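Enquirer: Here's my sequence, what's the structure:
(chains A and B)
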2 protein chains.
Amino acid sequence: MNHPAHTDEYFLGLAIEQAKIGWEEGGVPIGAALIHRGEVLAVGRNRRVQMNSAIRHGETDCIERAGRLPASVYRECVLYTTLSPCFMCAGTARLYEIPRIVVGENRSFEASEEWLRSSGIQVDVVDDAECVALMDRMLAERPSLWLEDIGEVV
Amino acid sequence: MNHPAHTDEYFLGLAIEQAKIGWEEGGVPIGAALIHRGEVLAVGRNRRVQMNSAIRHGETDCIERAGRLPASVYRECVLYTTLSPCFMCAGTARLYEIPRIVVGENRSFEASEEWLRSSGIQVDVVDDAECVALMDRMLAERPSLWLEDIGEVV
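Expert: Next up is the predicted model:
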């Protein structure tokens, strides 16, 4: 794989852009980008509100929008996400054996990082201030939507 | 919860019916049903081929078709699936804390059962002959589609 460290910021920026669009749409501000050897295969965002969806989190929406890919491609990808993945998204990354996940922040939510690492997936947490701010606003202004999104009782 | 044992066969039958439809559509013959206190919330089937989808496995398609539900509902549901769940589908069940999964068979594929049980989810494997036959035919007649579906290199 050929991802110089300086590009992580750029690719995470694409995910953040998606998260902001999602917020403006009235949704959950979490975005993602799927990158194969430096090429953007897809970006995506949580579409619970926009598509009335229970499975379109940032990461799964992004992977869905990348289309059907051979296993060999996933195994050379990096998944960028503004927030630490839930078990659905982590499980999707593990199914397709995506070897590296770059996480914007894990202060607002963290569930799967240890499990992902134990399966051999590299998880790098950036602790990005913009990602933290997006979720701070979400938790303050749309708390029940957030609880719904992570399967917590309101 | 109120699911007499004799209804498992009926609910799994709904999932099998979906799997058969999926096969006839040219797809992956795996189906699912989501049941809440004896009421069918949704049925679904793998739609990789039909929707050109990387995330519509039987279980995730079923959960998507059930729509946005409060966490309290998922926590009283049973998920029926013709085949033992992959990590994406297992992770989705874990995200929403679905307490019980009834699995048609796990001879053709098994990845997540130990992990699900370790998280407190009850996993009951029926070892249904019709489910086994569906996957036997799949592996024999559409092997590369199957490998794509589980993220294995063809």
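Enquirer: Any stretches of chain A with poor pLDDT?
Expert: Within chain A, the ranges that satisfy pLDDT under 70 run A:1-6.
Enquirer: From the centre of it outward, give me the first residue you hit.
Expert: A:Thr81 (2.9 Å; C-alpha atoms, centre = their mean).
Enquirer: which bits of chain A sit near chain B?
Expert: A:48, A:52-55, A:60, A:63-64, A:66-72, A:74-75, A:86-92, A:94-97, A:112, A:147-148, A:150-154 (C-beta under 8 Å from any C-beta of the partner chain). Backbone N, C-alpha and C define where each C-beta goes, glycine included.
Enquirer: burial of the closest residue to chain B within chain A, as a residue count?
Expert: When scored by C-beta to the nearest C-beta, chain A has A:Gly91 as its residue closest to chain B, at 2.5 Å. By other C-beta atoms under 10 Å in any protein chain shown, 30 other residues sit near A:Gly91.
Enquirer: Equivalent analysis for the one 5 residues further on, please.
Expert: A:Tyr96 is flanked by 25 other residues according to other C-beta under 10 Å.
Enquirer: Am I right that it is in contact with B:Ile150?
Expert: No: taking contacts as C-beta atoms under 8 Å, A:Tyr96 lies outside contact range of B:Ile150: 9.1 Å.
Enquirer: Walking through chain A, point out its strands one by one.
Expert: A:31-36, A:39-45, A:77-83, A:100-105, A:122-125 (DSSP state E).
Enquirer: ok, residues contacting the second one?
Expert: By C-beta atoms under 8 Å, 6 or more residues apart in numbering or on different chains, the residues outside strand A:39-45 that reach it are A:11, A:14-15, A:17-19, A:21-22, A:27, A:29-35, A:56, A:58-67, A:69, A:73, A:77.
Enquirer: In CSV, list the C-alpha atoms belonging to that strand.
Expert: Below are the C-alpha coordinates for strand A:39-45, written out as CSV (Å, rounded to 0.1, in the frame of the first residue of the first chain):
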residue,chain,number,x,y,z
GLU,A,39,-7.7,6.5,-5.3
VAL,A,40,-11.1,7.5,-3.9
LEU,A,41,-13.6,4.7,-4.6
ALA,A,42,-16.5,6.3,-2.7
VAL,A,43,-17.5,8.7,0.0
GLY,A,44,-20.6,8.2,2.1
ARG,A,45,-22.5,9.5,5.1
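Enquirer: Check which residues of it are buried.
Expert: By 16 or more other C-beta atoms under 10 Å in any protein chain shown, the buried positions in strand A:39-45 come out as A:Leu41, A:Ala42, A:Val43, A:Gly44, A:Arg45.
Enquirer: Where do the helices of chain A begin and end?
Expert: Along chain A, counting by DSSP state H, helices occupy A:5-24, A:58-65, A:71-74, A:87-95, A:113-118, A:129-141, A:143-149.
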